[in-house]
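A.B. asks: Here you go, sequence then predicted model.
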Amino acid sequence: MRHPGRGLGRSLGRGLGRGLGPGLWRGPGLFLWPRGLVGRVTLVLLAAVLLEFTGSTVFYEQAETYTADDARIAHKAEQLATDLQLLTATAPARRAETARLMSVSDLHLEWDPASRLPLTPPEMLPLQARFAAQLREFGQEGLQLTSTPRPGDVAGALPLPDGTVLRFVSRGLMSRHPVTRGLLSAAVLAGCVLLAAAMLVRTLSQPLRLLARAADAIGRGPPVPVSEAGPREVRDLARAMNAMQDRIGRLIADRTEALAAVSHDLRTPLSRLRLRAGFLEDSDIQTAIEADVDEMESMVVSVLAYLAGEDDPEPRRNLDLAALLATLVDDAADAGRDARYEGPDHASMHGRPLALKRVFGNLISNALAYAGNVRVSLREEGAGLSVRVEDDGPGIPPAELDRVLTPFYRVEGSRSRATGGLGLGLAIVQREVQRENGVLRLSNRPEGGLRAEIVFKAGRPPS
Amino acid sequence: MNNSMSDENPPSRILVVEDDPGMRMLILRVLQGSGYSVRGAQDGREMWEALSSAPFDLVILDVMLPGTNGLDLCRALRRDSHVPVIIVSARGEELDRVLGLELGADDYVPKPFGQKELLARVRAVLRRGTVAPARQNGSERRESLSFAGWLLDLRRRELTDPDGAAVELSGAEHDLLASFLENPQRVIGRDRLLELSRTRLGDVSDRSVDVLVSRLRRKLGSDSENLIRTVRGLGYIFTADVERV
């Protein structure tokens, strides 16, 4: 028990945040800071009430001190002056007795030949000045005030002409005064309390806002560990979200593995089919089967390429993007397709060669499939590189330009049926380009046909 | 019926290690149809049995085998044998390809392959295998060739320019460059070049060799006209010094 507040904090936290375990008080600091949201909100409310209470006490006391009624002071002054004159006329031997007799319920008088005139404490000087001014009206000087145990009373002493002293206590002179200095101070106080409470509640909701931001990031990339901090309820939620991410991750991994296994396993029967087709006498059927196998193989390849995405271990290195593009275009041209490359013979870039080959291979085969021709052009732009893959085909309806980048999405219409595929090509392109810190823009050319432009802003290696 | 069988040599003997019965039968049938003498094995144990009973000129090895996998078998095979190996895999991953070639395989054929591709690879490896008794001198075979600051990694089939950047080559371009590098400072005729390069083009002609050479020159940069010089009416000559690394 090195902290006196520990016991209180414990019972507060217990009471407000139902069912707190004993192990939840391990925190090194803030023993009074409850673990639960209910406890914290209550503590904030408590703080606000306390602030309001303290503030109003200060304000009201100040107000009372200064608004003592002038009329009542004048009345008391007159009374005192009369009593003093009477006492002065009385023989000293009978003065004490007379003073006692003159005392009334709200003005107690006392004469003692031995007592001396006291000195007014500094905080009572303003009242003393006002009181003395009233007494002066009645020809009395030398008033001194003393403090009293009861807040409403005013005590003091007045000198008699012979140097002896009359002490008095005026009860209720400063009695409770309901009127404060005005609504303004009350409003200022309320405002301050409100502000303080709002700031406290804001700190309370901070973990919730962080949680919302983390939740928003989930599913857009690698798993986002949500920090398990804040009030108990928020921590529970964060923990649940992390567990959920784990489960989803495992689920996806399992499915991915299954899909990858199926894709791998398909290659052996496809190979058998291709080998068998070679034995066929009918060359038309042979060609048709070859084409089918080609299509199935490209599906398997695209699924595996898509699944391999996130944990592709291929390292980055310097490469010649121009040679890469020229090779892809030459391969297409050798296969009898209308493919052209325009641009420099060499263009250095830092990136992953296989991933880039996949990107441009997909764009080129898309163009050839949908338009029957492709034109690849490369330009060096400052420290960056820009590649355009264009065709003279029908393009993509403007409304679909964004959607074609989503996995397994295919533009509806005759095109997709004629060309097959799983709708993964552009999704792979988009992802790999992003991983190479590039930007992919799809647009329909004004002259007709699709343009895929990829810009690698700082693609070139530092020389 | 094909060039590798045109002479009077006895047919090359090929061992096919493949666990899928249908696949094994088909490969054997394709190879037999081309005049090779073949034998099948369904796993590592049968492979070792076959190798101890008779010599083979080539082993075709599947990666996914029950028990010891193809890559491990390839490594074990390389320890005491120089028999050429072609690895066949359904995984088709770049890593398998590189690993297989680094473990000493002579070629890597991803499934699904067809008859033409299989036969072309078999022929090419057998041809290289027969020219390689010199290999016996050093247990390590040539892996990279360097010339004028460039580097051609024959295992990974990777060309690196003097600045260290990877320069993409098509299969045919790679084979053409390798042919030049293996015969430096010698005039090579178009026909010979065609024969040396494993042809991956559908239609092969003198013209396509010229096209390949011009593509290669473009990739080799500004000095490439000098590097691969045209010898009018004869063919080409590769002028730079080539070093084995």
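C.D. replies: Everything's here; your move. Numbers count the residues shown, from 1 in each chain, chains lettered A, B, ... in the order given.

A.B. asks: Now do the helices in chain B.
C.D. replies: Along chain B, the segments classed as helices by DSSP state H run B:21-33, B:44-53, B:70-80, B:94-102, B:115-130, B:171-182, B:190-196, B:206-220, B:224-227.

A.B. asks: The helix or strand bottoming out on mean pLDDT in chain B vs helix B:70-80, what angle?
C.D. replies: Least confident helix or strand of chain B, by mean pLDDT, DSSP states H and E, is helix B:94-102 with a mean of 73. With axes from the mean of the first three to the mean of the last three C-alpha atoms, to 10 degrees defining the directions, helix B:94-102 sits at 10 degrees from helix B:70-80.

A.B. asks: coming back round to it: could you export the helices of chain B as TSV, including distance to chain A?
C.D. replies: Every C-beta, even on glycine, is put in place using the N, C-alpha and C of the backbone. Conversion of the helices of chain B to TSV gives the following (distance: least, C-beta to the nearest C-beta, whole Å):
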stretch	distance to chain A
helix B:21-33	4
helix B:44-53	18
helix B:70-80	13
helix B:94-102	6
helix B:115-130	4
helix B:171-182	8
helix B:190-196	15
helix B:206-220	5
helix B:224-227	9
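
A.B. asks: Including mean neighbour count and distance to residue A:202, could the ones you listed go into a markdown table?
C.D. replies: Formatted as a markdown table, those follow (neighbours: other C-beta atoms under 10 Å in any protein chain shown; distance: least, C-beta to C-beta, whole Å):
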| stretch | mean neighbour count | distance to residue A:202 |
| --- | --- | --- |
| helix B:21-33 | 18 | 68 |
| helix B:44-53 | 15 | 69 |
| helix B:70-80 | 18 | 61 |
| helix B:94-102 | 18 | 52 |
| helix B:115-130 | 18 | 68 |
| helix B:171-182 | 21 | 65 |
| helix B:190-196 | 16 | 77 |
| helix B:206-220 | 18 | 63 |
| helix B:224-227 | 14 | 69 |
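
A.B. asks: just checking, residue B:13 touches residue B:35?
C.D. replies: No: proximity of residue B:13 to residue B:35 does not meet the contact threshold set by C-beta atoms under 8 Å, at 11.5 Å.

A.B. asks: Give me the more crowded residue out of the two.
C.D. replies: More crowded of residue B:13 and residue B:35, by other C-beta atoms under 10 Å in any protein chain shown: residue B:13, with 16 against 13.

A.B. asks: could you pull out the helices for the stretch 351-463 of chain A?
C.D. replies: Counting by DSSP state H, counting those that start in this stretch, the stretch 351-463 of chain A has helices at residues A:353-370, A:414-419, A:425-435.

A.B. asks: Which stretch among those approaches chain B most closely?
C.D. replies: Distance to chain B, taken as C-beta to the nearest C-beta, is lowest for helix A:353-370 among those, at 5.3 Å.

A.B. asks: Check which helices and strands the closest one sits against.
C.D. replies: Contact here means 3 or more C-beta pairs under 8 Å, 6 or more residues apart in numbering or on different chains; DSSP states H and E; on that basis helix A:353-370 packs against strand A:317-320, helix A:321-334, strand A:338-342, strand A:373-381, strand A:384-390, helix A:414-419, helix A:425-435, strand A:450-456.

A.B. asks: Those: lowest mean pLDDT?
C.D. replies: Mean pLDDT is lowest for helix A:414-419 among the helices and strands packed on helix A:353-370, at a mean of 48.

A.B. asks: residues near residue 57, how many?
C.D. replies: You didn't pick a chain, so chain A it is. 10.

A.B. asks: looking at chain B here, not the other one
C.D. replies: 19.

A.B. asks: any idea how far chain A is from it?
C.D. replies: 21 Å (C-beta to the nearest C-beta, to the nearest Å).

A.B. asks: surely that residue meets residue B:11?
C.D. replies: No: using C-beta under 8 Å, residue B:57 makes no contact with residue B:11, being 9.1 Å away.

A.B. asks: Spatially nearest residue to residue B:161, not counting backbone neighbours?
C.D. replies: Among residues not flanking residue B:161 along the chain, residue B:167 sits closest, at 5.3 Å (C-beta to C-beta, 6 or more residues apart in numbering or on different chains).

A.B. asks: surely the one you found meets residue A:323?
C.D. replies: Yes: under the criterion of C-beta under 8 Å, residue B:167 makes contact with residue A:323 at 4.5 Å.

A.B. asks: Show me whatever sits in contact with both of these two.
C.D. replies: residue B:219 (C-beta atoms under 8 Å, 6 or more residues apart in numbering or on different chains).

A.B. asks: before we move on, the earlier item: with respect to residue A:142, which of the helices of the stretch 351-463 of chain A lies nearest?
C.D. replies: helix A:425-435 (92.9 Å; C-beta to C-beta).

A.B. asks: Quick check: residue B:86 vs residue B:119, distance?
C.D. replies: 11 Å (C-beta to C-beta, to the nearest Å).
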